[in-house]
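K.L.:
generate coordinates for the sequence data below:
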Amino acid sequence: MKDDPLLIITGTPRSGTTVLARYCNMMGHPIDGLDRGYAGKEDPIVAEMHRKIREKNGRTQEIDERIQQHPRRIIKEPRFITLDDLRLIEAWHANRPALKLLILHRDFLQVGHSLQQT
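P.N.:
Below is the predicted model:
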């Protein structure tokens, strides 16, 4: 799995990451977390790995192994952008060198306006 291609869908809040992930899911690429019904419910295993990377101040052998063995080819994970922590991308890239990031962006004023409407 380490050399398998991996696409990470990431982006600013309300930029369409969930819509794109649902589309990929409909096209036959299962994405963990979408079954929870709405945005903000990403893959709990990936979220836990990111928490550990931040707590341990970087990678560990356990984290490296979990990243290498992660079964999905597409992950929706906004934390790559929203946490402003390069250790997350570095850990994933070191263990999944065929990694590609798809970064969606939405103007922050529009994000704020969208958040006020909910």
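
K.L.:
wait, is residue 110 part of a strand?
P.N.:
No. Counting by DSSP: H, G, I helix; E, B strand; the rest coil, one finds residue 110 to be helix, located in no strand.

K.L.:
burial check on the spatially closest residue to it that is not a sequence neighbour, number of neighbours?
P.N.:
Nearest in space to residue 110, with sequence neighbours left out and distances taken as C-beta to C-beta, 6 or more residues apart in numbering, is residue 14 at 7.6 Å. The way it works is simple: take the backbone N, C-alpha and C, and place the C-beta from them, glycine included. Per other C-beta atoms under 10 Å, the neighbour tally for residue 14 reads 18.

K.L.:
surely residue 14 touches residue 115?
P.N.:
Yes. The pair residue 14 and residue 115 passes the contact test of C-beta atoms under 8 Å, sitting 7.0 Å apart.

K.L.:
what residues does the longest helix along the chain touch?
P.N.:
Criterion DSSP state H: the longest helix present in the chain is helix 44-55. With C-beta atoms under 8 Å, 6 or more residues apart in numbering as the test, helix 44-55 has contacts from 32-33, 59-60, 62-63, 66-67, 70, 75, 77, 79, 83, 85, 87-88, 91.

K.L.:
and if we set it to 10 Å?
P.N.:
8, 32-33, 36, 41-43, 58-60, 62-64, 66-67, 70-72, 75-77, 79-80, 83, 85, 87-88, 90-92 (C-beta atoms under 10 Å, 6 or more residues apart in numbering).

K.L.:
where does the prediction get shaky in the protein?
P.N.:
In the predicted model of the chain, residues 33-41, 82-84, 118 satisfy pLDDT under 70.

K.L.:
residue closest to the middle of it?
P.N.:
Closest residue to the average C-alpha location of the chain: residue 77 at 1.7 Å, with C-alpha atoms, centre = their mean.

K.L.:
would you confirm that that residue contacts residue 88?
P.N.:
Yes. Using C-beta atoms under 10 Å, residue 77 makes contact with residue 88 at a distance of 8.4 Å.

K.L.:
tell me the secondary structure at residue 100.
P.N.:
strand.

K.L.:
list the contacts for the residue nearest to it when sequence neighbours are not counted?
P.N.:
Distances taken as C-beta to C-beta, 6+ apart put residue 7 closest to residue 100, at 5.1 Å, once the chain neighbours are dropped. When contacts are counted by C-beta under 10 Å, 6+ apart, residue 7 is found next to 24, 29, 72-76, 98-102.
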